[in-house]
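Asker: What follows is a predicted protein model with its sequence.
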Amino acid sequence: MDSLSLIGKIATSGLRAQGERMRVVSENVANANSTANEPGGDPYRRKVVSFGEMLDDASGVSKVEVADVERDMTDFTVRYEPSHPAADESGYVKMPNVNPLIEMSNMREASRSYEANLTMLENARAMRNRLIDMIE
């Protein structure tokens, strides 16, 4: 397998991994205000993506992959709203452990990484086209 194809494999794995990260971050943002359905129940719990390295046996290159999507076990915040349907007997409602500011920062970072991998893929394609032009 030629070097430009290997670059494509690596960049594609990065695109997939960052795409999954953006999906998880989007889910976190969408549920930032989701509460439990029953009084005193737990609300949505933030998810966190962790990456791992995968060796492609056919080509010998290391690629990135989503190793796991775990739940963030930090404490929920509580808000005093005795009239809320999810309020416990003391009138407190557990709110998700999602900080929209952190999630937007994570989304920006994932988006930039996605763009970098896409640029790498486009550059490899352009180099291949130039190589073909030189051969002809």
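Answerer: Arrived safely, thanks for sending.

Asker: which residue is nearest the centroid of the chain?
Answerer: R21 (1.1 Å; C-alpha atoms, centre = their mean).

Asker: Provide the secondary structure category for it.
Answerer: helix (DSSP: H, G, I helix; E, B strand; the rest coil).

Asker: Quickly note the distance from it to G41.
Answerer: 28 Å (C-beta to C-beta, to the nearest Å). From N, CA and C alone the C-beta is placed, and that goes for glycine too.

Asker: Compute the distance from the centre of the longest helix anywhere in the chain to the centre of its chain.
Answerer: The longest helix of the chain (DSSP state H) is helix 100-135. Distance of helix 100-135 from its chain centroid, counting by C-alpha atoms, centre = their mean, to the nearest Å, is 16 Å.

Asker: Quick check: mean pLDDT of it?
Answerer: Per-region confidence: helix 100-135 scores 94 on mean pLDDT.

Asker: try stretch 61-77
Answerer: On average, stretch 61-77 scores 95.

Asker: buried set for it?
Answerer: Residues V61, K63, V64, V66, F76 are the ones in stretch 61-77 that count as buried (16 or more other C-beta atoms under 10 Å).

Asker: got it, and stretch 32-49?
Answerer: Neighbour-count burial for stretch 32-49 [16+ other C-beta under 10 Å]: A32, T35, A36, P43, Y44, R45, R46, K47, V48, V49.

Asker: With stretch 103-122 instead?
Answerer: E103, N106, M107, A110, S113, Y114, N117, M120, L121.

Asker: doesn't Q18 make contact with the fifth one?
Answerer: What it means is S113. Yes: S113 is in contact with Q18 according to C-beta atoms under 8 Å; the separation is 4.8 Å.

Asker: Can I get stretch 54-68 in CSV? Just the C-alpha atoms.
Answerer: Extracted in CSV, the C-alpha atoms of stretch 54-68 (Å, rounded to 0.1, in the frame of the first residue of the first chain):
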residue,chain,number,x,y,z
MET,A,54,-5.9,0.6,16.8
LEU,A,55,-3.2,-1.0,14.7
ASP,A,56,-4.3,-1.9,11.2
ASP,A,57,-2.8,-5.3,10.6
ALA,A,58,-3.1,-5.1,6.8
SER,A,59,-1.2,-1.8,6.4
GLY,A,60,0.7,-1.6,9.7
VAL,A,61,-0.5,2.0,10.5
SER,A,62,-1.8,3.2,13.8
LYS,A,63,-5.3,4.6,13.6
VAL,A,64,-7.5,6.4,16.2
GLU,A,65,-10.7,4.9,17.3
VAL,A,66,-13.3,5.6,20.0
ALA,A,67,-12.3,3.3,22.8
ASP,A,68,-15.3,4.0,25.0
